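> output the structure for:
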Amino acid sequence: MLVVGFPVGQLQANCYVLAPAEGGRCVVVDPGQDAVEAVEERLRKHQLTPEGVLLTHGHFDHVFSAADLCRNHGIPAWVHPDDSYMLTDPGAALGPQGRQLFEGVAVSAPPDIRELADGDRLDLAGIRFEAVHAPGHTGGSMLFGAESDEGGRLLLSGDTLFAGAIGRTDLPGGDHERMLETLRSSVLTLEDETVVLPGHGPTTTIGRERAGNPFLQGLGEASASTGPVPGDSGHGL
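The predicted model follows:
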């Protein structure tokens, strides 16, 4: 499988292009702020044609270029319905001060938005994705699992899990208890060899995070809810 990841925008959110191989169809994940040119450059380099856009959640640093890419290529975007409102109101989940960032900015949604639900399986560009609802960072956060032709497992974790950290839960729509339950039931149950492609920062693995991520320590125990609260994990929103 071809996996091309690159940071975009002010907050350096990771955008990904995934394809079975060069010279065919692909999927774009989280095309955030100022991502159009960067995505198009990768499409030309690897001779790829996008078939759809997957959005791990609705924050602007992950979705801001989705509308332009979808219009340019005539493709749909998938997002959980609990986060779809952010596609046309990017300041809504940032609080009163954050909302001021978008005053006077014209924002439109992709012309073809398709809703995601927990457990959905999407066959896109020859790749099968399993969508898992992962509330905590936002109400509509999603995880996307996929298996490579070589048998390896990938997890597109958005802002749920990072290398050494987890997503913040102090913004509107965030919920610390739901985040802990997501991590306990949908992240720590994965195999250690699963490669994690996060929304910010470097790639990691489930095994590495299970062993060394302080926010995951003790989550298998009854006292998990007493763990650290990620007000600001150090990555993005």
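> give me the buried positions along the helix or strand of the chain with the lowest mean pLDDT.
Ranked by mean pLDDT, DSSP states H and E, the weakest helix or strand in the chain is helix 95-99, scoring a mean of 72. By neighbour count on 16 or more other Cβ atoms under 10 Å, the buried set for helix 95-99 is Gly98. (Glycine included, C-beta is placed from N, CA and C.)
> list the helices and strands that helix packs on?
If you count contacts as 3 or more Cβ pairs under 8 Å, 6 or more residues apart in numbering; DSSP states H and E, helix 95-99 packs onto no helix or strand.
> ok, then the element right after that helix?
strand 113-115 (DSSP states H and E).
> which other residues reach that next one?
Strand 113-115 has contacts (Cβ atoms under 8 Å, 6 or more residues apart in numbering) with 76-81, 84, 87.
> can you pull the contacts of Ser141?
56-57, 80, 83, 133-135, 158-160, 167, 182.
> just Ala131 next, same as before
Counting by Cβ under 8 Å, 6+ apart, Ala131 has contacts 78, 116-122, 142-144.
> wasn't it part of a strand?
Yes - applying DSSP: H, G, I helix; E, B strand; the rest coil, one finds Ala131 inside a strand.
> tell me, how many residues neighbour the residue nearest to it when sequence neighbours are not counted?
Nearest non-adjacent residue to Ala131, counting by Cβ to Cβ, 6 or more residues apart in numbering: Asp120, 4.3 Å away. Applying other Cβ atoms under 10 Å, we find 17 residues neighbouring Asp120.
> identify, from the contacts of Ala131, the entry nearest to Gly212.
Leu143 (20.1 Å; Cβ to Cβ).
> am I right that the closest one is in a strand?
Yes - counting by three-state DSSP, Leu143 is found in a strand.
> mind listing what's buried along stretch 151-159?
In stretch 151-159, counting by 16+ other Cβ under 10 Å, buried: 153-159.
> burial measure for Leu171, as a count.
By other Cβ under 10 Å, the residues close to Leu171 number 16.
> cool, the one 5 residues further on as well?
By the measure other Cβ under 10 Å, the count of residues near His176 is 18.
> for it, give me phi and psi.
phi -60, psi -40 (degrees, to the nearest 10).
> that one reaches Pro135, doesn't it?
No - if you go by Cβ atoms under 8 Å, His176 and Pro135 don't touch, sitting 10.9 Å apart.
> which parts of this protein are strands?
For the chain, the strands defined by DSSP state E cover 2-8, 13-19, 25-29, 49-54, 77-79, 113-115, 121-124, 127-133, 142-147, 153-158, 161-162, 165-166, 195-198, 204-205.
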